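Enquirer: The following comprises the amino acid sequence and a computationally predicted model.
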Amino acid sequence: MKVLKIVVILLVALLLITGIIILYKNLEYIKFRALGSKAIEANLNENFILFEGQEAQIKGENLKIKAIEVIYSPCPRNTMCIWSGLGGKIEIRNDGNTKTVSLNEIGSEEFGYKVTGTAVSTSKLTIKVSKVSQNDSGP
């Protein structure tokens, strides 16, 4: 009987610890959902985080980036995959023009800006936006 009580206590403790870890890992997402789809301000050439449905206004630019979808389906270990399974879809708005693009580590050039996904987790995209120089735009 004592052994059974000890096992039950250990299982309850393990469940509590697991719950705390999950809560801690998702704290940013929980705060975001509690505040609603609050828009943020972000700087050019700096990483910023967007949750699915959240929007960023790029400071000093007429440019907004919105995270439409977070794709988090990583390739299983010890397997060969064609695609990492990490990415997202974003909406880019500039001067009344809108474009929806897939976001990955290669980046997408739209409206004179390069938008790159620098990291993906289960609920958020880490994004970096930079201006495309005239020399980079081709002949």
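Expert: Sure, I can see it.
Enquirer: tell me the centre residue of the protein?
Expert: With distances taken as CA atoms, centre = their mean, Leu125 lies nearest the centre of the chain, 1.3 Å away.
Enquirer: Quick check, it in contact with Val70.
Expert: Yes. Taking CB atoms under 8 Å as the contact criterion, Leu125 and Val70 are neighbours in contact, 5.9 Å apart. In short, each C-beta sits where N, CA and C put it, glycine included.
Enquirer: Might you report the residue contacts of Val132?
Expert: Glu109, Gly112, Tyr113, Lys114 (CB atoms under 8 Å, 6 or more residues apart in numbering).
Enquirer: mind saving the C-alpha coords of stretch 57-71 as CSV?
Expert: Listed in CSV are the C-alpha atoms of stretch 57-71, where the atom choice follows Å, rounded to 0.1, in the frame of the first residue of the first chain:
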residue,chain,number,x,y,z
GLN,A,57,4.5,47.9,-38.7
ILE,A,58,8.1,48.4,-39.9
LYS,A,59,9.4,51.7,-38.3
GLY,A,60,10.0,54.5,-40.7
GLU,A,61,8.6,52.5,-43.7
ASN,A,62,5.2,52.2,-45.2
LEU,A,63,5.4,48.5,-44.8
LYS,A,64,3.4,46.0,-42.7
ILE,A,65,4.0,42.3,-42.3
LYS,A,66,1.3,39.9,-41.0
ALA,A,67,1.8,36.3,-40.1
ILE,A,68,-1.0,34.4,-41.8
GLU,A,69,0.1,30.8,-41.0
VAL,A,70,2.8,29.1,-39.0
ILE,A,71,4.0,25.8,-40.5
